[in-house]
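Colleague: Fold the following.
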Amino acid sequence: MNDKSLLELVLPQGILEYFDITNCVKNESSFNIYLSEKNIPPVEFALEKLTSKGFFDEIMVQDFPIRDKASYLYIKRRRWVIDKTGDIVFRNWNMVAKGTRMTQEFASFLKGIARYQTNKR
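Modeller: Modelled structure (predicted):
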């Protein structure tokens with residue numbers, strides 16, 4: 001079993017469909033897992049030509065403790081530009097939670113991320 005397989009056991013189920021693990025740091029008081037959204041454009045823009053335009057500012061979400069240590073997920077959400085209009089778009093996590101079959105834990109996690117929706121360009 002590799003490190004990624006072990007991390008899958010502690011992350012919300014299904015998260016690795018949308019995010020890559022970029023780093024994991026353990027210190028005396030916490031586990032810190034760093035995630036970056038994959039370059040998979042949102043399905044609602046499937047008919048548009050999109051170009052990835054990097055990421056929004058990283059957010060930190062506290063997750064369940066692991067072995068009496070706090071655990072934090074540092075999440076970088078991706079944004080895309082519609083080539084034709086120049087509009088910035090990003091994944092609607094509320095839509096993902098409603099439109100797919102997933103565990104309640106993962107749906108709750110996605111809804112938590114949606115609280116950090118931003119119109120930063």
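Colleague: Secondary structure element holding residue 23?
Modeller: With elements taken from DSSP states H and E, the one containing residue 23 is strand 19-26.
Colleague: moving C-terminal of that strand, what's the next helix or strand?
Modeller: Using DSSP H and E, the helix or strand that follows strand 19-26 in sequence is strand 30-37.
Colleague: right, and the helix or strand after that following strand?
Modeller: Later in the chain than strand 30-37, the nearest helix or strand by DSSP H and E is strand 50-55.
Colleague: partners of that next one in the sheet?
Modeller: Sheet pairing of strand 50-55 (DSSP bridges) gives strand 78-82 (antiparallel).
Colleague: Could you list every helix and strand in contact with the next helix-or-strand element following the partner strand?
Modeller: Proceeding N to C from strand 78-82, the next assigned helix or strand is strand 88-89, under DSSP H and E. Here strand 88-89 touches strand 78-82, going by 3 or more Cβ pairs under 8 Å, 6 or more residues apart in numbering; DSSP states H and E. (C-beta placed from N, C-alpha, C; glycine too.)
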